[in-house]
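>>> I need the structure of the sequence given here:
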Amino acid sequence: MSGWDIKPQGVQSTLKTVGGNAGELQTALNALITAMSEAAQAAGTAVPGSAAQTRLQGPVAPGHAPPTQKALGPVAAALGQYLSGRKAEFDSMADRIEACILGAVKATNEYLEGDLDSAKHAQDAARAVNLEALREQPRGGK
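Sure thing, here's the model as predicted:
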């Protein structure tokens, strides 16, 4: 690892770009979820109008209407299954981005302090998406 030649300003610039791109990804995923939710609500149901809402069981506060839940149709169910099936992929993207950012910061800080073994450990933890190791406080609680 003695061949490392890290330029902190370059790391900072790259992390700023990655952070901006991560924010754009988060915005896109939130828009996807919102659009799919709206599509599910607009798709309607396959039940008669009077059964389109189900009264929920439980106490009702005086002066309030009983709570109801809108019936979901097959399109809404399919969209829900799609999002549920992609949850692991969405979580994995977020974890990888966090690991890359934390690993780069931690490795660079250790490099600047001259601790190349710890810098290598941070690099390896980022590569393995080991967020627990990357979230640990450095020695001395800095």
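
>>> Could you find the residue nearest the spatial middle of the protein?
Ala94 (4.3 Å; CA atoms, centre = their mean).

>>> Please report how far that residue lies from Gly23.
Between Ala94 and Gly23 the computed distance is 12 Å (CB to CB, to the nearest Å). (Each C-beta comes from the backbone N, C-alpha and C, glycine too.)

>>> next one: Leu83
21 Å.

>>> The two: which is more packed in?
The neighbour count for Leu83 versus Gly23, taken as other CB atoms under 10 Å, is higher for Leu83 (15 against 10).

>>> what helix or strand does the more buried one sit in?
Element membership for Leu83 (DSSP states H and E) is helix 74-112.

>>> buried set for that helix?
75-76, 79, 97-111 (16 or more other CB atoms under 10 Å).

>>> again, but for stretch 19-37
By neighbour count on 16+ other CB under 10 Å, the buried set for stretch 19-37 is Ala22.

>>> show me where this protein has helices.
If DSSP state H is used as the criterion, the helices of the chain fall at 8-42, 74-112, 116-127, 131-135.

>>> mind showing which ranges of this structure have poor pLDDT?
1-2, 45-56, 68-71, 137-142 (pLDDT under 70).

>>> Let me have the helices of the chain in TSV, adding distance to His64 as columns.
Below are these laid out as TSV (distance: least, CB to CB, whole Å):
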stretch	distance to His64
helix 8-42	23
helix 74-112	26
helix 116-127	52
helix 131-135	44
